[in-house]
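Peer 1: based on what follows, work out the 3D shape:
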Amino acid sequence: MQPHRLSEIWIYPIKSLGGIRLRSSRVLGKGLAFDRRWMLIDETNTFMSQRVNAELALFKLQPSLIGFTISFQEKAIDLSYHHDYLPTEIKAKVWDDEVVVHEVSEEHSRWFSEQVGVTCRLVVFPEEHERKVDPRYASQNEQVSLADGYPLLMIGQASLDDLNSKLQEPVLMNRFRPNLVFTGGVPFEEDTWSNFNIGRNQFKGVKPCARCVLITVNQENGEKGKEPLATLSLYRKRDNKIYFGQNVLPIDHYEIHEGDEITIQPSV
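Peer 2: Take a look at the predicted model:
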């Protein structure tokens with residue numbers, strides 16, 4: 001059988017905006033370096049998401065020498081990975097969590113407000129600020145960035161291929177916003193992985209990822225539909241939730257690279 005290999009690495013620096021594909025990445029306690037360390041918040045200090053604001057899909061990110069460029073249609077703005085931010089602390093909401101963030105700058109907030117058409121602010125979640133993984137699934141008091149709940153999301157290419165074989169119009173992997181994509185193996189086998197290695201890094205699979213209407217947003221044009229959620233509900237539903245992908249905790253904090261072999265440890 002073909003060995004399991006890491007085929008794609010993705011970060012989404014600003015929560016619910018476009019992703020950046022990398023050839024390699026440093027693994028940190030909260031997830032991949034620079035993944036979901038920023039987000040947009042509304043006037044109630046609640047995070048903004050494609051679940052409500054599907055047009056956020058139209059913000060595309062490209063790497064630059066010191067950070068990344070955010071573009072929306074014909075307009076663009078730059079952000080350094082190591083930028084300054086305003087000193088005032090803001091208590092913002094990410095689902096049931098309250099996190100302490102800082103506004104990046106009035107200029108960035110004004111730019112995003114103009115593009116989205118509503119008042120919002122771009123905020124950063126400094127690395128030293130705490131946000132704990134759900135204690136029901138944490139093993140060492142792990143931390144998470146501004147991702148929905150876990151540091152990493154992993155999906156097998158075979159799982160997407162299986163789904164696309166059931167759809168009239170295939171969808172791209174970016175609908176599901178994984179950090180790690182792998183080739184080899186059989187559809188949905190990532191659901192069963194408990195302990196595995198990518199290169200020299202050990203990881204722990206904690207629970208399959210429950211999906212929502214966000215996966216019905218076409219990441220190319222920001223339009224919503226019914227698929228692939230409708231089809232997934234026919235064969236990937238249990239306990240009134242629809243699952244696709246595996247939530248993952250990092251154990252080691254070294255670099256990973258596209259092409260790294262994945263070794264699955266036997267269950268004890």
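Peer 1: now do the longest helix anywhere in the chain, average pLDDT.
Peer 2: Longest helix of the chain, by residue count under DSSP state H: helix 106-116. Confidence over helix 106-116 (mean pLDDT, whole number) is 98.
Peer 1: tell me the strands beside the helix or strand following that helix, with direction?
Peer 2: Counting by DSSP states H and E, the next helix or strand C-terminal to helix 106-116 is strand 121-124. Sheet pairing of strand 121-124 (DSSP bridges) gives strand 38-41 (antiparallel), strand 97-103 (antiparallel).
Peer 1: tell me the most buried of the ones you listed?
Peer 2: Across these, the average number of neighbours (mean count of other CB atoms under 10 Å) peaks for strand 38-41, which reaches a mean of 24. Placement of C-beta: from N, CA and C, glycine included.
Peer 1: other residues contacting it?
Peer 2: 13-17, 47-48, 56, 79, 90, 92, 94, 101, 104, 112, 116, 120-125, 146 (CB atoms under 8 Å, 6 or more residues apart in numbering).
Peer 1: and with 7 Å instead?
Peer 2: Identification of contacts with strand 38-41 by CB atoms under 7 Å, 6 or more residues apart in numbering yields 13-15, 47-48, 92, 112, 120-124, 146.
Peer 1: quick check: Lys93 touching Asn45?
Peer 2: Yes. If you go by CB atoms under 7 Å, Lys93 and Asn45 touch, sitting 6.2 Å apart.
Peer 1: which neighbours do the two share?
Peer 2: Common neighbours of Lys93 and Asn45 (criterion: CB under 7 Å, 6+ apart): none identified.
Peer 1: can you give me the neighbour number for His253?
Peer 2: Per other CB atoms under 10 Å, the neighbour tally for His253 reads 11.
Peer 1: surely it meets Val27?
Peer 2: Yes. Look at His253 against Val27 with CB under 7 Å: they come within range, at 5.2 Å.
Peer 1: contact partners for the nearest residue in space to Leu229 that is not next to it in sequence?
Peer 2: Nearest-residue entry for Leu229: Thr216, 5.2 Å, with adjacent residues in sequence omitted and distances by CB to CB, 6 or more residues apart in numbering. Applying CB under 7 Å, 6+ apart, we find Thr216 in contact with 224-227, 229.
Peer 1: could you redo the last one with a cut-off of 10 Å?
Peer 2: Contacts for Thr216 (CB atoms under 10 Å, 6 or more residues apart in numbering) come out as 50-51, 54, 171, 175, 223-230.
Peer 1: including neighbour count, could those residues go into TSV?
Peer 2: Shown next, in TSV, are the contacts of Thr216 (neighbours: other CB atoms under 10 Å):
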residue	neighbour count
Gln50	23
Arg51	14
Ala54	20
Val171	19
Arg175	21
Glu223	12
Lys224	13
Gly225	13
Lys226	10
Glu227	18
Pro228	24
Leu229	19
Ala230	12
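Peer 1: coming back round to it: which neighbours do His253 and Val27 share?
Peer 2: Shared contacts of His253 and Val27 (CB under 10 Å, 6+ apart): 33, 201.
Peer 1: ok, now how distant is the closest residue to Gly222 other than its chain neighbours from Ser113?
Peer 2: Ranked by CB to CB, 6+ apart and with sequence neighbours excluded, the top spatial neighbour of Gly222 is Ala57, at 4.4 Å. Separation of Ala57 from Ser113 (CB to CB, to the nearest Å) stands at 18 Å.
Peer 1: try Val186
Peer 2: 46 Å.
Peer 1: which one of those two has more residues nearby?
Peer 2: Using other CB under 10 Å, the more surrounded residue of Val186 and Ser113 is Ser113, with 15 against 11.
Peer 1: hang on, the earlier thing: count the residues that sit near the residue nearest to Gly222.
Peer 2: By other CB under 10 Å, neighbour count at Ala57 equals 22.
Peer 1: check the one 5 residues further on too.
Peer 2: Neighbour count of Gln62, defined by other CB under 10 Å: 12.
Peer 1: looks to me like it is in a strand.
Peer 2: Yes. Assessed with DSSP: H, G, I helix; E, B strand; the rest coil, Gln62 lies in a strand.
Peer 1: what residues are up against Leu214?
Peer 2: Residues near Leu214 by CB under 10 Å, 6+ apart: 16, 49-52, 54, 56-57, 148, 175-177, 224, 229.
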